[in-house]
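Visitor: This is a predicted model, with the sequence first.
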Amino acid sequence: MIGLLKPAMTSLLTLLFVFYSACFFLFPLVSVYQERRLWKSPLPRLSLWGCIKVYWFNTFWFALTQFGSLILLPFFLLGANVEQPATVWVERATAYLVTYFFVGPVLIRGEENLPARNDDNANKVSCVFIANHNSQIDLCVVYFIRRRFKWIMKQSIVYLPGVGLLMRMARHVFINRTKGNNKESVKKMYAEAAKALG
């Protein structure tokens, strides 16, 4: 009996691995579609070169966050707090790399108006950063303010390859946006955000 289960289990694991690996190349196509929809009048349409850059931007984003997640996974599974390495090292480094490589230089104006950096949690000053989120570029550029922050995102992000696991490890705040359940989800979001901001 066990002899029959072993090939079936191997086949199942191989199939899951192939499917998961394919997501690294299929999900960015959805991102290209979404980004192309965003670039409407008065903005010029996203060119073919722009679509290619969006595709590779997302592919590298998924791959680099997956790589970082796999490095942190043993510590996370053993109960260690990997929040700071996940946010400061993996998320920020990934954002810098894909932004510099696929977008270009970033200029932050008015940085002197932001609270002091608090990566080490020594000087906890809570505030709210609001990203316009007109494009996926916003998701990376916000890391250039070099401040500790928490994303508030829809629950389905947890299923993105690499990104989802890393966001869970970094203790970002997930919200369930299902019909009829928003009131409880928003209450939970506020409680989790308050806990995250300290």
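Guide: Cool, got the structure. Keep in mind it's a predicted model, so treat the numbers as computed, not measured.
Visitor: wait, what's in contact with residue 76?
Guide: Shown here is residue 76, whose contacts under the criterion CB atoms under 8 Å, 6 or more residues apart in numbering are 82, 169. To be clear about C-beta, it is placed using only N, CA and C from the backbone, and glycine gets the same treatment.
Visitor: Show me what counts as buried in the strand or helix carrying it.
Guide: Using DSSP states H and E, residue 76 sits within helix 48-77. Judged by neighbour count (16 or more other CB atoms under 10 Å), helix 48-77 contains these buried residues: 51, 53-55, 57-66, 68-69, 72, 76.
Visitor: For the helix or strand bottoming out on mean pLDDT in the chain, enumerate the helices and strands it packs against.
Guide: Among the helices and strands of the chain, helix 182-197 carries the lowest confidence by mean pLDDT, DSSP states H and E, at a mean of 71. For helix 182-197, the packing partners by 3 or more CB pairs under 8 Å, 6 or more residues apart in numbering; DSSP states H and E come out as strand 173-175.
Visitor: Find the nearest non-adjacent residue to the residue positioned nearest the centre of the chain, please.
Guide: The geometric centre of the chain, computed from its C-alpha atoms, lies nearest to residue 163 (CA atoms, centre = their mean), at 4.4 Å. Counting by CB to CB, 6 or more residues apart in numbering, the nearest residue to residue 163 once its immediate chain neighbours are dropped is residue 65, at 5.0 Å.
Visitor: If you tally nearby residues, what's the number for residue 193?
Guide: 16 (other CB atoms under 10 Å).
Visitor: Can you list the buried residues in the top helix by length along the chain?
Guide: Ranked by number of residues, the top helix in the chain under DSSP state H is helix 2-38. Taking 16+ other CB under 10 Å as the basis for neighbour counts, the residues of helix 2-38 that come out buried are 23, 24, 27, 28, 31, 32, 35.
Visitor: if we can go back for a sec, pLDDT score assigned to the residue nearest to residue 163?
Guide: For residue 65, the pLDDT comes out at 93.
Visitor: cool, and residue 137?
Guide: With respect to pLDDT, residue 137 has a value of 82.
Visitor: What number of residues are in the vicinity of it?
Guide: For residue 137, the count of nearby residues is 19 (other CB under 10 Å).
Visitor: now do residue 96
Guide: As a burial measure, the neighbour count of residue 96 was computed by other CB under 10 Å and equals 15.
Visitor: That one: which element?
Guide: helix 92-102.
Visitor: Do I have it right that residue 167 meets residue 151?
Guide: Yes. Between residue 167 and residue 151 a contact is recorded at 6.7 Å, counting by CB atoms under 8 Å.
Visitor: Where does the prediction get shaky in the chain?
Guide: Counting by pLDDT under 70, the ranges of the chain that qualify are 1-5, 40-43, 117-126, 132-133, 178-182, 185, 196-198.
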